[in-house]
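Engineer: Below is the structure, and that's it, no one-letter string:
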């Protein structure tokens, strides 16, 4: 293949394009560990393939981008600073071509894959540590049995490989495609000589292109910092732990950029700083604490920084495991009663759906407390979260009291080891208050927090005395509330969270639980009856709502509740019967009022309104009594 360009050398007056053939001639490349994993998705891969296909009808060099690589003089390998996503994709294309019948296969292998005798081969292109094994086995060698994708970068690589292979199968001339990739794509190839210059570029690259999550930026920073400060142990710690962190987040189904950023934020609040404001840009705050452009740090400061950062990495790994247990109820398996209690509480917390205010507390408690202590404290946290942040209109702001909770998490984590078995004295209202230990302190603080924001009287007001315009059907905590109510009625049955938390648009099947209006929204108002504001308000109240299997809900439609009850219990053609205890409870309550109103004269509006009003108020009382018992502070 013909060489056709020049790279940027020190004395060049004009920057010229280089082909991949020229760039790889006599050079070895690797993606340093501080770089993000492979993140290209189908759109970016497709755009590159379209460019290559378009070049088949031309005879010019196509400017494809910039590759910035710094030569590591210790091993003579060029570390790619910029352009790794495009370059990785091109290497995948080349290797997919190698699996087909092509000319000059040996030359292509030696230039882009590996060189040297068997047993003493050296790879020409190596990806970062977290993806190396997967890239070598699955992407390069087509070995899909040895490894499965475990993190996002693996999945992206595998998807790119599939799309490229599918595209190549439609091409008439693979040799022509390979020639375009190796000799017709033009790059500006730049090799910075000074470490400072690489540091500046590292910063620029970290903040442009496809946005990186805070977690990705932190990983990049820690690796780069370890290289700058000559802390090889820190470098090893990141490589050892990061794959586990990403896998745990993936198992928790929390691996989007936003999810990773939130996870890091919660960890920062517990480990480094309880201040809410600083947690919004952990990357910037970490750079302030550990500047990597300072070459004058004393050895003892370097050691202190290493210990602090290494401990933080360990905390991230532990927290990622606890995160998985929080979001994946099936990850905790034990016959121990305390562990089962913890798993049940975590299931409840997950089901609540809102956790931003309490997650730092959860991570701090799970990182430090014993199983027995966790069972107690997590139970209080679940009640706190429901009463303060899930019940409607308890607080004026969604983040009320967050600062206090973050402070409790920070203090508990950092002072637990010292005060877990001895008296803990705290100043409160200009007085010293003595607690048995730090567990006792947190127990009391959380209960005081709950009582300050949501007394038992406030629970009653929240569930009943809402504004007439409030629609409980739209309450975000409704499904969790009704799920908990069902558990209280049927303690022997394991409730399937997924069937309850799924919304109608999430899964287009009938096999999940829906929210039923006992007095249907459109019941008897098609001729103007029962269509007054007070009728609408009554239908929106909590006592008119319950869980019901979706298939049965569809059958019941807008019928009178007396007719619905027969459908609920299979007294119709389908014979489908609800297995929910709350439906049986609603049946018992309603039939009392149905018998009471049978002898009464039916007027256009008042008959049905009065009957349903008594039924709904009775159900509300049932719900309130349940709530006061379920979320009481023991």
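Structural biologist: Done, it's in. Remember, it's a predicted structure, so these values are computed and weren't measured experimentally.
Engineer: Give me the residues contacting stretch 440-457.
Structural biologist: 365, 376-377, 380-381, 383-384, 387-388, 391, 394-395, 400-401, 404-405, 408, 412, 419, 424, 426, 435, 462, 628, 632-633 (CB atoms under 8 Å, 6 or more residues apart in numbering). C-beta: built from backbone N, CA, C; applies to glycine.
Engineer: Mind checking which of those residues land in helices?
Structural biologist: Counting by DSSP state H, the part of the contacts of stretch 440-457 found in helices is 365, 376-377, 380-381, 383-384, 404-405, 408, 412, 419, 462, 628.
Engineer: out of the residues you listed, which are buried?
Structural biologist: 365, 376-377, 380-381, 383-384, 404-405, 408, 412, 419, 462 (16 or more other CB atoms under 10 Å).
Engineer: Counting neighbours, what do you get for residue 379?
Structural biologist: Close neighbours of residue 379, defined as other CB atoms under 10 Å, add up to 18.
Engineer: Identify the residue spatially nearest to it, adjacent ones excluded.
Structural biologist: residue 345 (5.5 Å; CB to CB, 6 or more residues apart in numbering).
Engineer: Can you list the buried residues in the helix or strand containing the one you found?
Structural biologist: Per DSSP states H and E: residue 345 is located in helix 337-352. The neighbour-count check on helix 337-352 (16+ other CB under 10 Å) flags 341, 342, 343, 344, 345, 346, 347, 348, 349, 350, 351, 352 as buried.
Engineer: which residues touch the second one?
Structural biologist: By CB under 8 Å, 6+ apart, the contact set of residue 342 is 332, 371, 374, 375, 378.
Engineer: same check, this time on the fifth one
Structural biologist: Taking CB under 8 Å, 6+ apart as the criterion, residue 345 is in contact with 375, 378, 379, 382.
Engineer: which one of those residues is nearest residue 112?
Structural biologist: Residue 112 lies nearest to residue 378 out of the contacts of residue 345, by CB to CB, at 53.1 Å.
Engineer: Please report the distance of that closest one from residue 346.
Structural biologist: Counting by CB to CB, to the nearest Å, the gap from residue 378 to residue 346 is 7 Å.
Engineer: low-scoring stretches of the stretch 501-634 of the chain, by residue?
Structural biologist: Applying pLDDT under 70 to the stretch 501-634 of the chain flags the ranges 501-511, 526-528, 603-605.
Engineer: before we move on, back to that, between the buried ones among the ones in helices among the contacts of stretch 440-457, which is nearest residue 614?
Structural biologist: residue 462 (21.9 Å).
Engineer: name the element residue 432 belongs to?
Structural biologist: Secondary structure (DSSP H and E) places residue 432 in strand 431-435.
Engineer: What ranges does the stretch 501-634 of the chain have for its helices?
Structural biologist: 533-539, 550-556, 561-568, 581-597, 606-630 (DSSP state H, counting those that start in this stretch).
Engineer: what's in contact with the last one?
Structural biologist: Contacts made with helix 606-630 from outside it, assessed by CB under 8 Å, 6+ apart, are listed as 456, 459-460, 463-464, 481, 484-485, 488, 518-519, 523-524, 529-530, 534-535, 538, 541-544, 546, 561, 585-586, 589-590, 592-594, 596-597, 600-602.
Engineer: again, only using 7 Å
Structural biologist: 456, 459-460, 463-464, 484-485, 488, 519, 524, 530, 535, 538, 541-544, 586, 589-590, 593, 597, 600 (CB atoms under 7 Å, 6 or more residues apart in numbering).
Engineer: for the second one, same thing?
Structural biologist: Outside helix 550-556, the residues that touch it by CB under 7 Å, 6+ apart are 510, 512, 513, 514, 516, 564, 567, 568, 572, 574, 576, 578.
Engineer: Contact partners for residue 485?
Structural biologist: Residue 485 touches 582, 623, 626, counting by CB under 7 Å, 6+ apart.
Engineer: Great, nothing more from me.
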